[in-house]
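A.B. asks: whatever this is, show me its structure:
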Amino acid sequence: MNNPTSHIGHPLFVVAAIALLLSAGHLQLTGAQLSCDPVQLSWCLQSIVSNMPPTAECCQKLKAQEPCLCHESGDPTFGGYLRLPGAGKVCAACNVTFPYCH
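C.D. replies: Numbers count the residues shown, from 1 in each chain. From the prediction side, this is the model:
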């Protein structure tokens, strides 16, 4: 005899699998957002304000923050430093693309 409730599990499994995939994508996006840390720019502040060559640590931190620089330019603490002329020089010395944010 065919049980009519035996087919209920399959659609629920599909819905659960889709929800899991969607949440995994959200977690990856959240993880990428969390890697943006404007405090990491503090490694470069001396070079930005004093026209000193950037240190290796500065360039490493700046390179890691490169995808975040437009977002970080709006940070109330560190964003102003990215608008100084020295910021472009430090980015160039570190081979980091200086952001032109809209």
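
A.B. asks: excluding chain neighbours, what is closest to residue 97?
C.D. replies: residue 66 (6.5 Å; C-beta to C-beta, 6 or more residues apart in numbering). In this view, the C-beta of every residue, glycine as well, is placed from N, C-alpha and C.

A.B. asks: can you check residue 58 too?
C.D. replies: residue 44 (4.1 Å).

A.B. asks: from residue 50, how far off is the residue nearest to residue 97?
C.D. replies: In this view, residue 66 and residue 50 are 22 Å apart by C-beta to C-beta, to the nearest Å.

A.B. asks: give me the more crowded residue out of the two.
C.D. replies: Between residue 66 and residue 50, counted using other C-beta atoms under 10 Å, the more crowded position is residue 66 (15 against 8).

A.B. asks: quick check: pLDDT value at the residue nearest to residue 97.
C.D. replies: Per-residue pLDDT puts residue 66 at 93.

A.B. asks: could you do residue 52 as well?
C.D. replies: Looking at residue 52, its pLDDT stands at 92.

A.B. asks: hang on, it packs against residue 46?
C.D. replies: Yes: contact criterion C-beta atoms under 8 Å: residue 52 and residue 46 qualify, at 6.0 Å.

A.B. asks: low-confidence ranges, the protein, go.
C.D. replies: Where the chain drops to pLDDT under 70, the residues are 1-34, 102.

A.B. asks: host element of residue 46?
C.D. replies: Using DSSP states H and E, residue 46 sits within helix 45-50.

A.B. asks: now do the buried residues in the next helix or strand after that helix.
C.D. replies: Using DSSP H and E, the next helix or strand after helix 45-50 towards the C-terminus is helix 56-65. Buried residues in helix 56-65, counted by 16 or more other C-beta atoms under 10 Å: 58-59, 61-62, 65.
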